[in-house]
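**Q** I would like to see how this sequence folds:
(chains A and B)
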Number of protein chains: 2
Amino acid sequence: MRVAILLYDRMTALDAIGAYEVLRFGPDAEIVCVGKRKGEIRAGGGTLGLVVDKELAEVPSADIVLVPGGPGQEDLMTDTEVLDWLRAVDQTTTWTLSVCTGSLILAAAGLLRGRKATSHWLALDQLPGFGVEPVEQRVVFDGKYVTAAGVSASIDMGLALANRMAGDSAAQAIQLGLEYDPQPPHDAGSPAKAPADLVANMREHSRLFLYGN
Amino acid sequence: MRVAILLYDRMTALDAIGAYEVLRFGPDAEIVCVGKRKGEIRAGGGTLGLVVDKELAEVPSADIVLVPGGPGQEDLMTDTEVLDWLRAVDQTTTWTLSVCTGSLILAAAGLLRGRKATSHWLALDQLPGFGVEPVEQRVVFDGKYVTAAGVSASIDMGLALANRMAGDSAAQAIQLGLEYDPQPPHDAGSPAKAPADLVANMREHSRLFLYGN
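**A** Take a look at the predicted model:
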């Protein structure tokens, strides 16, 4: 099972790494980190380097493709080289995945037209412009397209997919291996649960929060 | 606030990246990925490259140091260059952190002697050999030493520390930004919650699960 993870400058590392840590334990998983050019990309605020092992043309097919989000997502939405690759590789996949604003890249490639999908909560309103129905859920399955909410939802998406592919016991074993027993200090991880003034502030400055770093 | 994250071959990427995505939004955070040699290390099963930006000698001090775990942890426990660096940089830190079996590296450096700490649930029994009291909690604070349970506990540790350093509102804002509203398909993320036969099987083959890939 070949899993192609798209890496690009100014992506959010956890978008990719959450699902990576799950999917690499999938049946016969062979992970390949793919990007426009071999070598280093800079994630997050530029303080973390990740390595592209294969260029797009070297990975014409995959069983699973995963597109993370992050501030660099905007540039990719008009990058014909990346969008053409996504459309081509998608024809070969069993599952096409995104995390966070990665769904906007899939949408820009036209792959989610007429489908339900999710994204970072601050970016959900951008989906209808691409003919996509936004859904406020942590993980959304629509056919072979699986989209996750913001950043950390990558882990939940990975586990949900592992469950579909390999069953309850396999998903539980991976979850226990990753000791995914979340205990954040607050219950503030969604706009429905966080303090209203915080949600309002982030909505008002959504571009800063989505694309600032 | 300088945050030094130790990267090494066969580390578990999520151990570092979870807290990274939190701490980079901390007050005046300046993250530096440090390791024995500049350039690429291979995480996980070897399928993910992360980049060391500074060598150990270039980072003689830090406000926060973070030591991830993973299969490569065993080699580091007898690596005098790394242990000497940890002991020296620890003298300059406000917080010294570990995730997963990273606590065994801190323990091998003698930094946790006489303290309470946690680790991956399969590795807790290794702590007493270093004079450390194992605690079955997701995040353990003992003075300036903060240790987290396995892999995904990195996120919870980051948020708990953000809460201590910057207060409730700051921690909530980061949590909402990362959309950390966990919804795994099962409640199987700790040995107390997972099916007993799964726990028993992983305990029986603990070396394989901790160090196999």
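**Q** in the lowest-mean-pLDDT helix or strand in chain A, what counts as buried?
**A** Every helix and strand in chain A was compared by mean pLDDT, DSSP states H and E; the lowest is helix A:206-211, with a mean of 90. Using 16 or more other Cβ atoms under 10 Å in any protein chain shown as the burial criterion, the residues of helix A:206-211 that qualify are A:Ser206, A:Phe209, A:Leu210. C-beta here means a position set from N, CA and C on the backbone, and glycine is covered the same way.
**Q** bridged to the spatially most central residue of chain A, which residues?
**A** Of all residues in chain A, the one closest to the mean position by Cα atoms, centre = their mean is A:Val99, 1.9 Å from it. Beta-bridge pairing of A:Val99 under DSSP bridges involves A:Ala148.
**Q** for chain A, which segments count as strands?
**A** Using DSSP state E, the strands found in chain A span residues A:2-6, A:30-35, A:39-43, A:48-52, A:54-55, A:64-67, A:95-99, A:116-117, A:133-134, A:139-142, A:145-148.
**Q** so which bits of stretch A:6-22 are buried?
**A** A:6-22.
**Q** mind pulling up the pLDDT for the residue nearest to the centre of chain A?
**A** Note for A:Val99: predicted pLDDT of 98.
**Q** quick one: contacts of stretch A:67-78?
**A** Stretch A:67-78 is contacted from outside by A:5-13, A:15-16, A:43-44, A:82-83, A:86, A:96-106, A:108, A:119-120, A:123, A:150-151, A:154, A:210-213, using Cβ atoms under 8 Å, 6 or more residues apart in numbering or on different chains.
**Q** the same query, at a cut-off of 6 Å, please.
**A** Contact with stretch A:67-78 is made by A:6, A:8-12, A:15-16, A:82, A:98-102, A:104-106, A:108, A:211, as judged by Cβ atoms under 6 Å, 6 or more residues apart in numbering or on different chains.
**Q** if you average pLDDT over it, what comes out?
**A** Stretch A:67-78 shows a mean pLDDT of 96.
**Q** identify, from the buried residues of helix A:206-211, the entry nearest to chain B.
**A** Nearest to chain B, judged by Cβ to the nearest Cβ, of the buried residues of helix A:206-211 is A:Phe209 at 6.1 Å.
**Q** what's the neighbour count on the nearest residue to the closest one once chain neighbours are set aside?
**A** Spatial nearest neighbour of A:Phe209, excluding adjacent residues (Cβ to Cβ, 6 or more residues apart in numbering or on different chains): A:Met202 at 5.3 Å. Residues lying near A:Met202 (other Cβ atoms under 10 Å in any protein chain shown) number 19.
**Q** and A:Val22, how close does it get to chain B?
**A** Here the criterion is Cβ to the nearest Cβ, to the nearest Å. By it, A:Val22 lies 9 Å from chain B.
**Q** residues touching that residue, list them.
**A** By Cβ under 6 Å, 6+ apart, the residues touching A:Val22 are A:Gly158, A:Leu159, A:Ala162, A:Ile174.
**Q** now with 8 Å?
**A** Counted by Cβ under 8 Å, 6+ apart, A:Val22 has contacts A:Ile155, A:Gly158, A:Leu159, A:Leu161, A:Ala162, A:Ile174, A:Leu178.
**Q** A:Gln172 is in contact with the fifth one, correct?
**A** Yep, that's A:Ala162 we're talking about. No - look at A:Ala162 against A:Gln172 with Cβ atoms under 8 Å: they stay out of range, at 9.4 Å.
**Q** which non-adjacent residue is nearest A:Glu21?
**A** Computed as Cβ to Cβ, 6+ apart, the closest residue to A:Glu21 that is not its neighbour in sequence is B:Leu14, at 4.5 Å.
**Q** any idea how far the one you found is from B:Ser152?
**A** Applying Cβ to Cβ, to the nearest Å, the value for B:Leu14 to B:Ser152 is 6 Å.
**Q** where along chain A do the helices fall?
**A** Assigned by DSSP state H, the helices in chain A fall at A:13-23, A:73-76, A:80-90, A:102-108, A:153-166, A:168-177, A:196-204, A:206-211.
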